[in-house]
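Trainee: Need coordinates for the below:
(one chain, ligands or ions: 1)
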Amino acid sequence: MNESRPLQGESSVAQHDVIISTCEDAPFQNIGHKARILSPQEAKKLAEDQISVSDFKQAKLEKEAQKNWDLFYKRNSINFFKDRHWTTREFEELKTCREFEDQKLTILEAGCGVGNCLFPLLEEDLNIFAYACDFSPRAVEYVKVGENVLNFKKLDLLILNKVSLLCHIFVCQVLKPGKCVLFRDYGLYDHAMLRFKSASKLGENFYVRQDGTRSYFFAADFLAELFLSEGYEQVVNEYVLRETVNKKEGLCVPRVFLQSKFQKPQKET
Ligand SMILES: C[S@@+](CC[C@H](N)C(=O)[O-])C[C@H]1O[C@@H](n2cnc3c(N)ncnc32)[C@H](O)[C@@H]1O
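Mentor: Here you go, the predicted structure:
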């Protein structure tokens, strides 16, 4: 993307030690409402996974979530995630939702990391004003540096600490009728979910990595319930299935993402 931010990291995979070498840009893709069908071995593996992490450890992970992500960025700086150049391809509304050609779009990215999603988007479309937040102060600092290097004067950073709830409330309350939330995260039965050892299971579809960061694998109906209960309408809520090639091991692995769009109704009900 640019010389100042050399990004050679692995793709955004849920278990950081994974050695997948191509990424979500891979050409094969399948979109649908149904979760990936597991092989008998995979189904058996998941069925046998028990939650063995103690309540004490669970509470500690929750308390230290922010610290653990911050340490992640201390170790990896900006070198872990690849820039995501597919955002406008996957979310066409980022281009098409303007009411008139020169309309400036205002977006908020919750959990922006070091800007791998945001910077390519801002490079591609100079008519976007972005707010971004992340609970890792280090990640936010990296975004600020990138902002200076790239001269994105339009980027205005909001640091919301300890915020998944606040962010959620912020997004839900601030959005005006007709505005929407674009969502993309790991989907149910993603390859990374199957790779977790049983001892890493924290709850249903919820796992902890070795570095203490946690990963949730979203089921479409679960996400829909969350948004509908906040008064949103579902526009799109689909699994995106991809095959990613691990060149080193000659393996092809199934990646699953949940990709969704929820909209604040035009008129409050
Ligand atoms: C997998 S990274 C994705 C970063 C970025 N969205 C991207 O596409 O590259 C997830 C990010 O979410 C942030 N995060 C996780 N939980 C958060 C929370 N409760 N509040 C704010 N940020 C959070 C982490 O610090 C991390 O930077």
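Trainee: What strand or helix carries Ser260?
Mentor: Per DSSP states H and E, Ser260 falls inside strand 251-263.
Trainee: Now the phi/psi pair for the residue nearest the centre of the chain, please.
Mentor: Centrality entry for the chain: nearest residue to the mean C-alpha point is Asp185, 4.2 Å, by CA atoms, centre = their mean. With angles defined as degrees, to the nearest 10, Asp185 sits at phi -150, psi 180.
Trainee: residue ranges for the strands of the stretch 51-200 of the chain, please.
Mentor: 105-110, 128-133, 156-157, 180-186 (DSSP state E, counting those that start in this stretch).
Trainee: Which strands border the second one, and is each parallel or antiparallel?
Mentor: Strand pairing for strand 128-133, determined by DSSP bridges: strand 105-110 (parallel), strand 156-157 (parallel).
Trainee: Show me the helices in this structure, by range?
Mentor: All helices of the chain, identified by DSSP state H, fall at 40-48, 55-63, 65-76, 87-90, 93-96, 118-124, 137-150, 164-174, 191-195, 220-229.
Trainee: quick one: stretch 202-215 near the ligand?
Mentor: No - counting by CB under 6 Å from any ligand atom, the ligand is not contacted by stretch 202-215; separation bottoms out at 7.6 Å. From N, CA and C alone the C-beta is placed, and that goes for glycine too.
Trainee: can you pull the buried residues of that stretch?
Mentor: Leu202, Asn205, Phe206, Tyr207, Val208, Arg209, Thr213, Arg214, Ser215 (16 or more other CB atoms under 10 Å).
Trainee: chain center to the strand holding Ser260, what's the gap?
Mentor: The chain centre lies 10 Å from the centre of strand 251-263; the measure is CA atoms, centre = their mean, to the nearest Å.
Trainee: Repeat that for stretch 74-81.
Mentor: Counting by CA atoms, centre = their mean, stretch 74-81 comes out at 16 Å from the chain centroid.
Trainee: list the buried ones in it?
Mentor: Under 16+ other CB under 10 Å, the buried positions of stretch 74-81 are Asn76, Ile78, Phe80, Phe81.
Trainee: filter the residues you listed by proximity to the ligand?
Mentor: Phe81.
Trainee: Out of the buried residues of stretch 74-81, which comes closest to Leu228?
Mentor: Phe81 (30.3 Å; CB to CB).
Trainee: Which residue, other than its chain neighbours, is closest to that closest one?
Mentor: Among residues not flanking Phe81 along the chain, Asn116 sits closest, at 4.4 Å (CB to CB, 6 or more residues apart in numbering).
Trainee: can you check Glu64 too?
Mentor: Closest to Glu64 by CB to CB, 6+ apart is Gly212, at 6.4 Å.
Trainee: Just to check, Ser215 is in contact with Leu202?
Mentor: No - contact criterion CB atoms under 8 Å: Ser215 and Leu202 do not qualify, at 9.4 Å.
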